[in-house]
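> sharing a sequence plus its predicted fold:
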Amino acid sequence: MSATRWESRVDSVKAIRFQLSDIREALLELAETDGDIKSHSEADTLSTKKLVILGFWYQLSFVEEDFKVNYFLSVVDQAIASPESRFEQYNEYKKLFGFLFPKKLKELEDTDLMSCCVLLQDALRYGEASAIDAKELNMELKLMDTYLPDEIITPIDALKFLKKADHYPNALVAYRVLLTIPVTVASAERNFQN
């Protein structure tokens, strides 16, 4: 849509569109009463062809405006809001599971590690039971950090290491949960219209 051409705006033809029959009658009356042949011809042409085209243009513009308001702007709003909500979601996952990355694990102080383990225990709680024990996870991660080779830098490598060692049940659960969280940049969208 052009910002400078009046004919491309729905509002500019809306007022005329709803008065088409009155305008047509006035033009037909002008064509019948005016003695000038040129005026008669122009009024007759305006009353039939041009007003029909104006009505059609309004319908076409209205469909375009309807598409813009009901579809396009909705998609734009979602595109703006979506990265913000996903960023917030990723930050929540980082707060909860970020300490399990081997590099971050090496940097944590003992008190911070225990705090992270307690947060994860609470997040993995269902009713009274939790999938992990924070104190045991804390001890396992300290021990794991001692024996973890330097070439292990990703959580999946850490999980493979833990599977071979077979002495870290809480850490195994924590890494499995971390690596199976359905974090994605794509989401299923459904649109139900009546």
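That came through fine.
> what number of residues lie near the nearest residue to Asp122 once chain neighbours are set aside?
Of all residues beyond its chain neighbours, the one nearest Asp122 is Ser130 (7.4 Å), with distances taken as Cβ to Cβ, 6 or more residues apart in numbering. Where C-beta positions appear, they are placed from N, C-alpha and C, glycine not excepted. Burial of Ser130, expressed as a neighbour count using other Cβ atoms under 10 Å, amounts to 17.
> what do you get for Phe97?
Each residue near Phe97 was counted by other Cβ under 10 Å, and the total is 22.
> ok, now which ones touch it?
Applying Cβ atoms under 8 Å, 6 or more residues apart in numbering, one finds that Phe97 lies in contact with Leu120, Ala174, Val177, Leu178, Ile181.
> ok, the last one - contacts?
Counting by Cβ under 8 Å, 6+ apart, Ile181 touches Tyr93, Phe97.
> wait, Leu159 sits on Leu172?
Yes. Leu159 sits in contact with Leu172 when judged by Cβ atoms under 8 Å, with a separation of 7.2 Å.
> could you pull out the helices for this structure?
With DSSP state H, the ranges of helices along the chain come out as 10-17, 20-33, 37-45, 51-67, 73-97, 102-107, 110-123, 134-147, 155-165, 169-180.
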